[in-house]
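[1] let me see the structure of the following:
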Amino acid sequence: MALVEIGRFDRQEAFIVQGRLEDEDIPSFVFDAGTSIADGSYLLIPVRVMVDDEDVERALEILRAVG
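    Residues are numbered from 1 along each chain as shown. All right, here's what the predicted structure looks like:
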């Protein structure tokens, strides 16, 4: 299993994307969601959504369909 980044989002949007992917049975991971949350700079740091390399194409299709 090799993880591939499918996009960078703000913190809330990243978790929405993760939920949408999991609705389609695509396991995903949110990286960097807790970065610098204590000082408020998390709003400036993009959060990465990662999926298995075998799920990349399907995950990107879902994101494109959602807009």
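[2] restrict the longest helix belonging to the chain to CA atoms and write it as PDB.
    Counting by DSSP state H, the longest helix found in the chain is helix 11-23. This file holds the C-alpha atoms of helix 11-23, laid out as PDB (Å, rounded to 0.1, in the frame of the first residue of the first chain):
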ATOM      1  CA  ARG A  11      -9.200  21.500   7.400                       C
ATOM      2  CA  GLN A  12     -13.000  21.200   7.200                       C
ATOM      3  CA  GLU A  13     -13.100  20.600   3.500                       C
ATOM      4  CA  ALA A  14     -10.600  17.800   3.900                       C
ATOM      5  CA  PHE A  15     -12.800  15.900   6.300                       C
ATOM      6  CA  ILE A  16     -15.800  16.400   4.000                       C
ATOM      7  CA  VAL A  17     -13.700  14.900   1.100                       C
ATOM      8  CA  GLN A  18     -12.700  12.000   3.300                       C
ATOM      9  CA  GLY A  19     -16.300  11.300   4.200                       C
ATOM     10  CA  ARG A  20     -17.400  11.300   0.500                       C
ATOM     11  CA  LEU A  21     -14.600   8.900  -0.400                       C
ATOM     12  CA  GLU A  22     -15.400   6.600   2.400                       C
ATOM     13  CA  ASP A  23     -19.100   6.600   1.300                       C
END
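[3] given the helix or strand just after that helix, what are its sheet partners and their directions?
    As assigned by DSSP states H and E, the chain's next helix or strand after helix 11-23 is strand 28-31. Pairing partners of strand 28-31, with direction, according to DSSP bridges: strand 47-52 (antiparallel).
[4] pull the CA atoms of the partner strand into PDB?
    Output in PDB follows, covering the C-alpha atoms of strand 47-52 (Å, rounded to 0.1, in the frame of the first residue of the first chain):
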ATOM      1  CA  VAL A  47      -4.400  19.700   4.700                       C
ATOM      2  CA  ARG A  48      -3.600  16.700   2.500                       C
ATOM      3  CA  VAL A  49      -6.000  13.900   1.600                       C
ATOM      4  CA  MET A  50      -4.300  10.700   0.800                       C
ATOM      5  CA  VAL A  51      -5.600   7.400  -0.800                       C
ATOM      6  CA  ASP A  52      -4.000   4.100  -1.700                       C
END
